[in-house]
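1. Got a predicted structure here, sequence first:
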Amino acid sequence: MPGQIEQLKGYAVAAEPELVEHQAHKIKGAAATVGGEVLRAVASAVEQAAKARDLAVIATRMAELDAQFAALKESMKNDA
């Protein structure tokens, strides 16, 4: 997933909402698969912002996406 998040950031910086939408959808699915509900919700919000072509919302959600991925990763490490 770290690579997927980096791709998402690149698409956001390049102002490619169609690619942001697709990548956010992939992250949303991956997060749901491992039980990362908060990360899934943030990815879903990014996906919806991309559908609306709202680049400002996409940009503001990137830090939250990073933080929630880090939290999920830590949680999974502690559960192992």
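-> Received the coordinates, thanks.
2. Other residues contacting the longest helix seen in the chain?
-> What stands out as the longest helix in the chain, according to DSSP state H, is helix 55-79. Here helix 55-79 makes contact (C-beta atoms under 8 Å, 6 or more residues apart in numbering) with 1-2, 5, 8-9, 12, 15, 17, 20, 27, 31, 34, 36, 38-39, 42-43, 45-46, 49-50. C-beta coordinates here come from the backbone N, C-alpha and C atoms, glycine included.
3. Swap in 10 Å and give it another go.
-> 1-2, 4-5, 8-9, 11-13, 15-17, 20-21, 24, 27, 31, 34-43, 45-50, 52, 54 (C-beta atoms under 10 Å, 6 or more residues apart in numbering).
4. Please indicate which of these are buried?
-> Taking 16 or more other C-beta atoms under 10 Å as the criterion, what is buried in the contacts of helix 55-79 is 5, 8-9, 11-12, 17, 20-21, 24, 27, 31, 36, 39-40, 42-43, 45-47, 49-50.
5. So which elements touch the helix or strand containing residue 22?
-> If you go by DSSP states H and E, residue 22 is part of helix 17-33. Counting contacts by 3 or more C-beta pairs under 10 Å, 6 or more residues apart in numbering; DSSP states H and E, helix 17-33 packs against helix 2-13, helix 37-51, helix 55-79.
6. Same list (those) but as CSV, adding mean pLDDT.
-> Output for those, formatted as CSV (pLDDT from 0 to 100):
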stretch, mean pLDDT
helix 2-13, 95
helix 37-51, 97
helix 55-79, 92
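7. Touching the helix holding residue 22 from outside, list them.
-> So helix 17-33 is contacted by 1, 4-14, 16, 36-55, 58, 61, 65, 68-69, 72 (C-beta under 10 Å, 6+ apart).
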